[in-house]
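S.K.: Structure, please.
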Amino acid sequence: MWVEGVMKIVVDRNEVLRYLGHRDQKIDENTCQLIETSVSEVLATLSRNYVYRIFALESADSGVQLARGRLVLSGTAIRLHLKGAVRCAVMALTLGPKIDEKIRLYSRTDVTRALVLDACATAAVESLADHVEAEIRTVAKTEGFFLTERFSPGYGDLPITVQPDIIRILAAREKIGLSVTDSCLLVPQKSVTAVAGIVGHVPEKHLKTCRDCNKYKECSFRREGKHCNE
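M.R.: Okay, here's the model as predicted:
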């Protein structure tokens, strides 16, 4: 099953503040206005493209494999995440290249605006990922199944080196203009790939925390203080 399309995005201002390193300090009027104009600019610029495909699952010594071995998801974390799944949804989504271009342009002329625009775009791509996940969940529900939460390369011990295989198996370059560098970074940068299991029972809620990400130690955006769910 293949699906591709475009979705409406709502940017969560609280998430924007988190990506900006906000720690409950008071936000002045100028910053609030800059966030609002940046949100509008992101929404006017992004492309909102996505594609996903649902595969049968097969067991593998190193994790799980899909599509007769054309995609192998290695690691203990993904094996546990997909435990009991009868199928697996693989998704890729992007805001498109124009957002990256604007962030690069502002980084040369207005660093503060570039930082705010980057945070707004990050919140926007997460919103798009939430919408794609919700669409797949609705599809699964019509067939009497449930969907686990999405799980991206870089979570737990699922390596980012699986990115090229995800892009290839979804034909994401041809369908939505999403590619990957030799170092396994997505291009455009404001993009997400992920997998989710399709199961026959209501899945247990596994609270995703910053410690699930293998970039936890060097990430300046991790949730801390009273917002920490670790």
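
S.K.: for this protein, which spans come out with low pLDDT?
M.R.: Counting by pLDDT under 70, the chain has low-confidence residues at 1-8, 59-61, 204-230.

S.K.: Can you tell me how far His131 is from Asp118?
M.R.: 21 Å (CB to CB, to the nearest Å). (Each C-beta comes from the backbone N, C-alpha and C, glycine too.)

S.K.: Looking at the two, which is more packed in?
M.R.: Taking neighbours as other CB atoms under 10 Å, His131 and Asp118 compare with Asp118 leading, 23 against 17.

S.K.: Helix or strand: which one has the more buried one?
M.R.: In this assignment (DSSP states H and E), Asp118 forms part of helix 111-142.

S.K.: Ok, Phe55 next?
M.R.: Following DSSP H and E, one finds Phe55 within strand 49-60.

S.K.: Sheet-wise, list the partners of that strand with their directions.
M.R.: Using DSSP bridges, strand 49-60 pairs in its sheet with strand 2-6 (antiparallel), strand 63-66 (antiparallel), strand 87-94 (antiparallel).

S.K.: which of the ones you listed sits most buried?
M.R.: strand 87-94 (a mean of 26; mean count of other CB atoms under 10 Å).

S.K.: just checking, next helix/strand downstream of that strand?
M.R.: Strand 87-94 is succeeded, C-terminally, by helix 97-109 (DSSP H and E).

S.K.: Contacts only, for the closest residue to Pro203 other than its chain neighbours.
M.R.: Once flanking residues are discounted, Pro203 sits nearest to Thr148: 4.7 Å by CB to CB, 6 or more residues apart in numbering. Contact analysis of Thr148 by CB atoms under 8 Å, 6 or more residues apart in numbering lists 81-82, 85, 196-199, 203, 206.

S.K.: can you check Ile99 too?
M.R.: 42, 45-46, 117, 121, 188, 190.

S.K.: Which two of those have the greatest separation?
M.R.: Using CB to CB, those reach their maximum pairwise distance at Leu117 and Pro188, which is 13.8 Å.
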